[in-house]
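> only the shape, not the letters, is given here:
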């Protein structure tokens, strides 16, 4: 049951450095400790790196659905603190390997544009490594900025090159 103060949230998780599965599992534990209520987690997919240096290792990616009682900025701070705890500096370069990458995809039906945060995530609908796991757990979800369902976006991105079959579950 959703309380009046809880916002439905979708987050993307990724790791391409070190023990990738362990970083993703620890992120789930950290989110829960921070007050995030996890409802669903997609399978983990191994994906080719996008927007990274050519020698970057493949990513493990997943998407989760949960509920959050605070605002989007406070959830962003929780995600950044988990990334830092995993070893990722706050001022990281954009194209380097990452122990942990947490992205806020959707925050209810809100459209947010601040200096630190853009929701819906500005490139989510262009990335198969986000849309494949999101399609697995929420195919009928609607992106508030464009009005398209995840199913429609997912189909527009076919084929999903560089993405493995689902590897495992972490939740």
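Structure's in. What do you need? If you're wondering where the values come from, they're calculated on a predicted model, not measured in any experiment.
> so which elements touch the helix-or-strand element of the chain with minimal mean pLDDT?
The weakest-scoring helix or strand in the chain, judged by mean pLDDT, DSSP states H and E, is strand 45-47 (a mean of 92). With contacts taken as 3 or more C-beta pairs under 8 Å, 6 or more residues apart in numbering; DSSP states H and E, strand 45-47 sits against strand 59-68, helix 128-137. (C-beta placed from N, C-alpha, C; glycine too.)
> need the contact partners of the last one.
Meaning helix 128-137. 10, 12, 14, 40-43, 45, 47, 50, 59, 61-65, 103, 105, 121, 124-125, 141, 150-151, 153-154, 157, 160-163, 166 (C-beta atoms under 8 Å, 6 or more residues apart in numbering).
> which ones are touching residue 101?
Counting by C-beta under 8 Å, 6+ apart, residue 101 touches 12, 13, 14, 15, 83, 88.
> mind checking how far residue 164 is from residue 131?
Remark: distance between residue 164 and residue 131 (C-beta to C-beta, to the nearest Å) = 15 Å.
> just want to know which of those two has more residues nearby.
The residue with more neighbours, out of residue 164 and residue 131, is residue 131; 24 against 16, by other C-beta atoms under 10 Å.
> which one is that one nearest to, not counting chain neighbours?
For residue 131, ignoring the flanking residues on the chain, the nearest one in space by C-beta to C-beta, 6 or more residues apart in numbering is residue 154 at 4.9 Å.
> number of residues surrounding the one you found?
Applying other C-beta under 10 Å, we find 19 residues neighbouring residue 154.
> just the ones of the contacts of residue 101 in helices?
If you go by DSSP state H, the contacts of residue 101 have residue 83 in helices.
> so which of the contacts of helix 128-137 sit within strands?
Within the contacts of helix 128-137, residues falling in strands by DSSP state E are 10, 12, 14, 40-41, 45, 47, 59, 61-65, 103, 105.
> kind regards, and thank you for your time.
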